[in-house]
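**Q** curious how this folds, go ahead:
(2 chains)
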Amino acid sequence: MHSMTVLRILKQKFIAFFNVPISPLPLGIFRICMSGFALLQAFVWYPDWTAFFGKDGWIQWEISSALNTAWHIHLQDVAVSLGLLHINETQTVSLFYWFYVVCALGLLIGWHTRVWAILTWLCHYILMSSITTFVYGVDIFLQIGLFYLMVMPVASACSLDALQKRVSSQPTWATTLSLRVLQIHMCLIYFSSGFEKMLAPDWWTGNVLWKALVQPDFRQYDLTWLASHPWLPVSLSVFTMVVETFYGVAMWIPKLRVAWFIGIVALHIGIGLFLGLWLFATIMILLSVSAFGYSIAADVRKYHGTIPLL
Amino acid sequence: MYGFSYILFLFGYLNDYPQQVMKPLVYLLAGIHLLLVTLAIFHVFDEAVSSRTFEKPLAFWCGINYSVWQYGFFSPDVGKSTEIEIKVYSANTKPAVFSTLNGFAFYTSNIESANRFYDFKVQTGSDTVFQDLFARSIATRIMNVDTTAWRVDYVMRSIRYPTMVNFSKGVKPRIVEFYSTEFDLR
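**A** Predicted coordinates:
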């Protein structure tokens, strides 16, 4: 009888977790973070755009399209289509850049959001398919984010659609489910990343971290001296593994959440500072802000008084 | 099933189906999506990814939303690095030598663009077909940038860093040339 009651309570909590309507504000913040990031990345990419995406870029279209699986859309396919309108390959590459920027801008302001979300996702998908050799974590996380923007009700807050009453700003089951999916996905990502590191003996000796810091691909400063102080790379490695692996637990515990969030932000700032992967660090912080920022702000407000703007 | 649910969802969405129909479908899709993410990180699809039947469908779906992708950042092989040295011979000048060890970042404008060549070097280092294709492509690009260039030498060297203990004992990084080619326009 008692176990039945416990089960019933657990079932109710489970349903409430995914079903009780919550504010759409976190989804609005998520949309602004991802579309703003897409614009930032496009801005950073601008000077080297043709070198990466041009017909005669670092990897010429003949090679990059041959490396693609048959089901992906390559920029070359877009150029063939636009060729029917007498637009050449060079013009296509330039046009595509500005079209992507306009789509991300439309998504940022939230004006007919769903249309711009689908177009931004499609553009980014084509970009990734066109330079598979140069794709890394930052693109993958942006693609995940843009996919969610396409299917989630992200126009319900902080958008022109909400301001002009084209979409409802009321909390619904869809906003709750969307936020939960994003939060669980983030927890799975960090668990996977941390746990895979824990399985590698070299992470426990600090050697992986040390090699990442000193090898020419990522080296920002001469940190070879760390070899004489191995306790430091070992401590940082353990910190990384613990913060990542238990992210999925700590972010659901109000008293731990703020500290863990600070830990994750510190970890990514470290990646930016010492490995030079600033865009990657930024998107990971923005994803955590989108998934748990609203809860963290509520925790801070609860324990330390009100925060301006929230 | 996943794809079929999506088609149902889109059909219902476009036809403005009532919430009683859409809500269970959306929950089902979300559940399947998170299940896929979980199965992928626990390596359930590892064999399927390399199988002839599922390789393309999985690659296609991975491109859509990366739900079947693993997130092992900075895996243990991160200590393996590759140097690319490019020697460009232009008219009436000594050859210009560019090395990724000495600041050469493929003529890129910022660190973020240069970072993209890490994966490029990893892929090139592990596949002989890529080595030939990419060397040719890079040489063509350089000859397009520097129109006076008439010859490009392209060399790749692997760099293996020692452990901290061995480095402290004076062991140097091991550098081995594993690929070289030259392109001559004369």
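**Q** so where's chain B uncertain?
**A** Counting by pLDDT under 70, chain B contains low-confidence ranges at B:1-18, B:72-79, B:92.
**Q** list the buried residues in the longest helix seen in chain B.
**A** The longest helix of chain B (DSSP state H) is helix B:19-41. Neighbour-count burial for helix B:19-41 flags B:22-23, B:25-26, B:29-30, B:33-34, B:36-38, B:40-41 (criterion: 16 or more other C-beta atoms under 10 Å in any protein chain shown). Placement of C-beta: from N, CA and C, glycine included.
**Q** for it, packing partners?
**A** helix A:173-198, helix B:2-14 (3 or more C-beta pairs under 8 Å, 6 or more residues apart in numbering or on different chains; DSSP states H and E).
**Q** now with 10 Å?
**A** Of the remaining helices and strands, those touching helix B:19-41 by 3 or more C-beta pairs under 10 Å, 6 or more residues apart in numbering or on different chains; DSSP states H and E are helix A:2-19, helix A:137-151, helix A:173-198, helix B:2-14, helix B:55-65.
**Q** tell me the helices and strands packed up against the next helix or strand after the longest one.
**A** The one in question is helix A:173-198. Per DSSP states H and E, the first helix or strand lying C-terminal to helix A:173-198 is helix A:201-204. With contacts taken as 3+ C-beta pairs under 10 Å, 6+ apart, helix A:201-204 sits against helix A:173-198, helix A:207-214, helix A:231-245.
**Q** could these be laid out in JSON lines, adding mean pLDDT, mean neighbour count and distance to A:Ile15?
**A** Shown next, in JSON lines, are these (pLDDT from 0 to 100; neighbours: other C-beta atoms under 10 Å in any protein chain shown; distance: least, C-beta to C-beta, whole Å):
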{"stretch": "helix A:173-198", "mean pLDDT": "93", "mean neighbour count": "21", "distance to A:Ile15": "10"}
{"stretch": "helix A:207-214", "mean pLDDT": "90", "mean neighbour count": "25", "distance to A:Ile15": "42"}
{"stretch": "helix A:231-245", "mean pLDDT": "95", "mean neighbour count": "18", "distance to A:Ile15": "28"}
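**Q** most centrally placed residue in chain B?
**A** B:Asp119 (3.9 Å; C-alpha atoms, centre = their mean).
**Q** how about chain A?
**A** Geometric middle of chain A (C-alpha atoms, centre = their mean) lands on A:Phe141, at 4.0 Å.
**Q** the closest residue to chain B within chain A and A:Asp222, how far apart?
**A** Nearest residue of chain A to chain B (C-beta to the nearest C-beta) works out as A:Lys211 at 3.2 Å. Distance of A:Lys211 to A:Asp222, given as C-beta to C-beta, to the nearest Å: 14 Å.
**Q** not counting its neighbours along the chain, what's nearest A:Leu25?
**A** A:Ala157 (4.7 Å; C-beta to C-beta, 6 or more residues apart in numbering or on different chains).
**Q** now do A:Leu275
**A** A:Phe218 (4.2 Å).
**Q** can you check A:Phe147 too?
**A** In space, A:Phe147 is closest to B:Asn65, 3.8 Å off (C-beta to C-beta, 6+ apart).
**Q** what of B:Asp132?
**A** Nearest to B:Asp132 is B:Thr181, by C-beta to C-beta, 6+ apart, at 7.4 Å.
**Q** look at the nearest residue to A:Pro21 once chain neighbours are set aside and report its pLDDT.
**A** Leaving aside its sequence neighbours, A:Pro21 sits nearest to A:Pro171 (C-beta to C-beta, 6+ apart; 3.6 Å). For A:Pro171, the model assigns a pLDDT of 92.
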